[in-house]
Each structure stands twice: as structure tokens, then as C-alpha cells.
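In: Got a sequence here, can you build the structure:
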Amino acid sequence: GLIKQHYAKMAGNIRSVPGIGPRSVSMLIIATDGFGMFENYKQVISYFGLAPRIYESGTSVKGKRHICKMGMGQIRKVLYMAATSAIKCNKGCKDLYERLRAKGKPHRVALIEAVNKLIKQVFAIAKSGEPYKAQFGYG
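Out: Predicted structure coming up:
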């Protein structure tokens, strides 16, 4: 009810992104306070715990890259499901996912990149105040 009351236009615009459902819209708007807390999409990605982190110790021990997971686990779960849907119906996410899989990246890595792409699109729409336009693809 509060989202409809205060963020109705933004929720409608974000809902226009292929792959984003009503639950995703609600979680994103609530967690980010209508994206007013952030100046760019990188801050949002970091806030949700989806930013890459390199593990290394000194000069001899090189670790694999992982996501930092210091953000909100519930939102990551919702965004993983949204990205799973987006790689089927959102052209930008689908192209990115298929390109990474063709390079030999694991499913999970490609899915996280699709989540980040989805966040970029949603952030652009939330800040611009316009609905999703497939010809621009946002992000």
C-alpha cells in the first residue's frame, strides 16, 4: 500500500523491465528507499552484496573472484530469480548471459552478471522516470 501511495509511477516504470515482477519491484524500492540513497548503479550493486571481490594474499597466493555477499541475502535471492526470468525475456540480459556462457564462464557467474545488468537497467529507469524501452536496452 505504501509503495502504491508514494512510489506508484516508479513501481510501474520498474515493472516494465522484462524479468522484474511485483515482488522484485517492492523489494528494490523498499531496500533502496526509492533509489534516493544512491548516486550510481555501482553503489546499488555493492549495497546488495553483488560486487566482485578478489581474494589474494601477498604476491604468491591468488584466489578466485567471488561476490562479496556483505549485503542483503533476501534481495539477492529475489534478484537471482528475476535474472533467471530475464535471461529468457530481456534481450540485454539474455545476450550478456549467452556471451559469457560461450566464453566458458559457469552458469552462476553468468547469472550474477545478468543480475548486475538488471540492476543497471532498473537504476536507469528509476532515475530517469521513464518506462523501459527495448530499443535502448538501458545499461
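In: So which residues of the chain form strands?
Out: When secondary structure is read from DSSP state E, the chain shows strands at 52-57, 61-67.
In: any idea which residue sits dead centre in the protein?
Out: Within the chain, the residue whose C-alpha comes closest to the C-alpha centroid is Ile119; the distance, by C-alpha atoms, centre = their mean, is 2.7 Å.
In: Do you know the pLDDT at that residue?
Out: Taken from the predicted model, the pLDDT recorded for Ile119 is 93.
In: Please apply the same query to Pro52.
Out: For Pro52, the pLDDT comes out at 76.
In: Equivalent analysis for the one 3 residues further on, please.
Out: The model reports Tyr55 with a pLDDT of 65.
In: Val17 too?
Out: Value for Val17, per-residue pLDDT: 90.
In: Assess the claim that it and Val122 are in contact.
Out: Yes. Assessed by C-beta atoms under 8 Å, Val17 is found in contact with Val122 at 5.9 Å. C-beta: built from backbone N, CA, C; applies to glycine.
In: the more surrounded of these two?
Out: Each of Val17 and Val122 has its neighbours counted (other C-beta atoms under 10 Å); Val122 has more, 29 against 25.
In: The more buried one touches Gly19, doesn't it?
Out: No. The criterion here is C-beta under 8 Å, and Val122 misses it with Gly19 at 9.8 Å.
In: Quick one: residues in contact with the longest helix along the chain.
Out: Longest helix in the chain by number of residues, with DSSP state H as the criterion: helix 107-128. Identification of contacts with helix 107-128 by C-beta atoms under 8 Å, 6 or more residues apart in numbering yields 10, 13-14, 16-17, 19-20, 28, 34-35, 38, 40-41, 44-45, 48, 50, 67, 76, 79-80, 82-84, 86-87, 90, 92-93, 96-97, 100-101, 131-132, 137-139.
In: give me that answer again for 7 Å
Out: The contact list for helix 107-128 (C-beta atoms under 7 Å, 6 or more residues apart in numbering) reads 10, 13-14, 17, 19-20, 28, 35, 41, 44-45, 50, 67, 79-80, 82-83, 86-87, 92-93, 96-97, 100-101, 131-132, 138-139.
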